[in-house]
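A.B. asks: sequence plus predicted model, see below.
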Amino acid sequence: MIEGRPNNGWVIWFSLTVALLLSVAPMPGSAELGRPLWLGLVIAYWSLVLPHRGGLGAAFCFGLAQDVLAGTLFGQSGLPLILIAFLVLSLQQRLRMFPLWQQSMVLLVIFGLAQLVQLWLNTLTGNRPPTLLFLVPVPISALLWPWVFVALQWLRQRFAVH
Amino acid sequence: MLGVRLLVFVVLCVVLMGVDARFDALKTVRSQMGLVLTPFYWLADMPVRIWKGATEQIASSSSLMAENEKLKAEALLMQRRLQKLAMLTEQNVRLRELLNSSALVDDRVLVAELIGLDPNPFTHRILIDKGAKDGVFLGQPVLDASGLMGQVVEVLPYAARVLLLTDVTHSIPVQVNRNGLRAIAAGTGNPDYLELRHVAETADIKAGDLLISSGLGQRFPSGYPVAQVTEVVRGSGQPFAIVRAVPTAMLNRSRYLMLVFSDSRSPEERAAAAAEAQADADRQAAEQAGQASEPPAEDAAEQGEPPAVEAGVAQ
């Protein structure tokens, strides 16, 4: 799987930066509730296809960046991202064999767990969401997975990232 | 191996959260990172800006002319209010001197523009384009054209985060404008209304009352309109009356906001300054009266408004 030296690492960072940008992009009114977990999706992709490039470190760094953007405590959005990266990395051998829709199903569970951790952390900081609406981004992100996968796959092959 | 790395990062995150929650050590790191990351908000907001700019560019001249007319009419009305306000201000200062109490006369304001909303839909926070470099400070009150919006909770070098009145974690001391009844207006997490806490069943408060900031919390200046009571439920089996009020500020529509710098001068200095300003205003009014032949037309709807709203808006 590892073919020579890692190259074109900037593509990974670029895609993560775009995901970060999307995670703060203004959205109309109640659509805000269903904002996909863009960073989670992109980190899941790179952890899945390039596990040797290490997903945890990137998850941690971009978690910190998101904390600054969202004004939450340092590490608060990093923890769910690290969880996503860890679960994908540990299931990676099996996940790669699955068709896209089956990957979506697994990611649905993983994103759900991540949102649950997010809920705990939010509650600890005194900002508990009043309803179960905080779970809305989970199915939306899972539905977006095939599209994100195809787009990033194209990007990866175009720039021969490995 | 993977488990060890996970453990390291999780511990790191937890430690960071603890340190960030309890100590100020990470504030500088945050503001440095904010310096780099603020353009993100600006970039994310770009499509909206471009769209606005484009629609303004291609707006037809007739609609522009109509808007111009409207703005001119509005300016005229404001001018008239302002003239009346100068007189009221001076009167207020004199009366307060008699009462030997300090008065809020004038505050300095700085106009800021909204550059981003908090990505978390369950918090009501916004990002504005003025920061520490413009003198913004923690806890600074923020207004829009029609009332109080909230306060600054985080200051970055070129941006600041504002907590809105309707956030669950926000409360503001208010006063009923009609009779001076004091209460605490707490955010509900719903952008449409605030709730008054611990209002007695028998309290004299009714739908339509204007709530103004009382200034008792030492955080917000007193006298700015905060909300209008829409609903009072009594005898519902609860220990206190349920009072709901709609914020007067357009919390989810205003794009331009004002940051208030409270006045640190003594009451005497303020009174002197107000008297001077009044003298100037008189002189100007006399000159204008000499030039203009006819007074601006009075609007019938204008006169029905309570004077405190005018004072609040014009301050």
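C.D. replies: Received, thanks. Numbering: from 1, shown residues only, chains lettered A, B, ... in the order given.

A.B. asks: nearest to chain B: which residue in chain A?
C.D. replies: Residue nearest to chain B within chain A: residue A:75 (3.5 Å; Cβ to the nearest Cβ). All C-beta spots, glycine's among them, are computed from the backbone N, C-alpha and C.

A.B. asks: what's near enough to touch that residue?
C.D. replies: A:63, A:64, A:67, B:12, B:13, B:14, B:15, B:16, B:17, B:20 (Cβ atoms under 8 Å, 6 or more residues apart in numbering or on different chains).

A.B. asks: closest to residue B:259 out of those residues?
C.D. replies: residue A:67 (24.6 Å; Cβ to Cβ).

A.B. asks: sec struct for that closest one, please.
C.D. replies: State at residue A:67, reduced to three classes by DSSP: H, G, I helix; E, B strand; the rest coil: helix.

A.B. asks: quick one: it and residue A:81 touch, right?
C.D. replies: No - Residue A:67 is not in contact with residue A:81 according to Cβ atoms under 8 Å; the separation is 10.5 Å.

A.B. asks: pLDDT at the residue positioned nearest the centre of chain A, what is it?
C.D. replies: A centroid search over chain A (Cα atoms, centre = their mean) returns residue A:40, at 0.9 Å, as the residue closest to the centre. You'll see residue A:40 listed with a pLDDT of 93.

A.B. asks: check which helix or strand it maps to.
C.D. replies: In the assignment (DSSP states H and E), residue A:40 maps to helix A:38-49.

A.B. asks: just residue B:243 next, same as before
C.D. replies: Using DSSP H and E, residue B:243 maps to strand B:241-247.

A.B. asks: report the next helix or strand after that strand in sequence order.
C.D. replies: strand B:256-261.

A.B. asks: can you give me the buried ones in that next one?
C.D. replies: For strand B:256-261, burial by neighbour count (16 or more other Cβ atoms under 10 Å in any protein chain shown) applies to B:257, B:258, B:259, B:260.

A.B. asks: can you lay out those as a markdown table showing pLDDT and distance to chain A?
C.D. replies: Written out in a markdown table, the entries for these read as follows (pLDDT from 0 to 100; distance: Cβ to the nearest Cβ, whole Å):
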| residue | pLDDT | distance to chain A |
| --- | --- | --- |
| B:257 | 88 | 16 |
| B:258 | 87 | 21 |
| B:259 | 88 | 17 |
| B:260 | 84 | 21 |
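
A.B. asks: thought the residue nearest to the centre of chain A was touching residue A:108?
C.D. replies: No - distance between residue A:40 and residue A:108: 11.6 Å, which falls outside the contact criterion (Cβ under 8 Å).

A.B. asks: look up phi and psi at the residue of the stretch 151-300 of chain B found nearest chain A.
C.D. replies: Distances between the stretch 151-300 of chain B and chain A by Cβ to the nearest Cβ are smallest at residue B:161, namely 4.9 Å. Summarising the backbone geometry of residue B:161 under the convention degrees, to the nearest 10, its torsions are phi -100, psi 130.

A.B. asks: tell me if I'm right that it and residue B:152 touch.
C.D. replies: Yes - checked against Cβ under 8 Å, the pair residue B:161 and residue B:152 is within contact range at 7.1 Å.

A.B. asks: just give the nearest non-adjacent residue to the residue nearest to the centre of chain A, would you?
C.D. replies: Nearest residue to residue A:40 in three dimensions, chain neighbours excluded: residue A:84, at 4.9 Å (Cβ to Cβ, 6 or more residues apart in numbering or on different chains).

A.B. asks: OK, contacts around the one you found?
C.D. replies: With contact set as Cβ under 8 Å, 6+ apart, residue A:84 has these partners: A:40, A:43, A:44, A:47, A:59, A:110, A:111, A:114.

A.B. asks: how much space between the residue nearest to the centre of chain A and residue A:8?
C.D. replies: In this structure, residue A:40 and residue A:8 are 23 Å apart, going by Cβ to Cβ, to the nearest Å.
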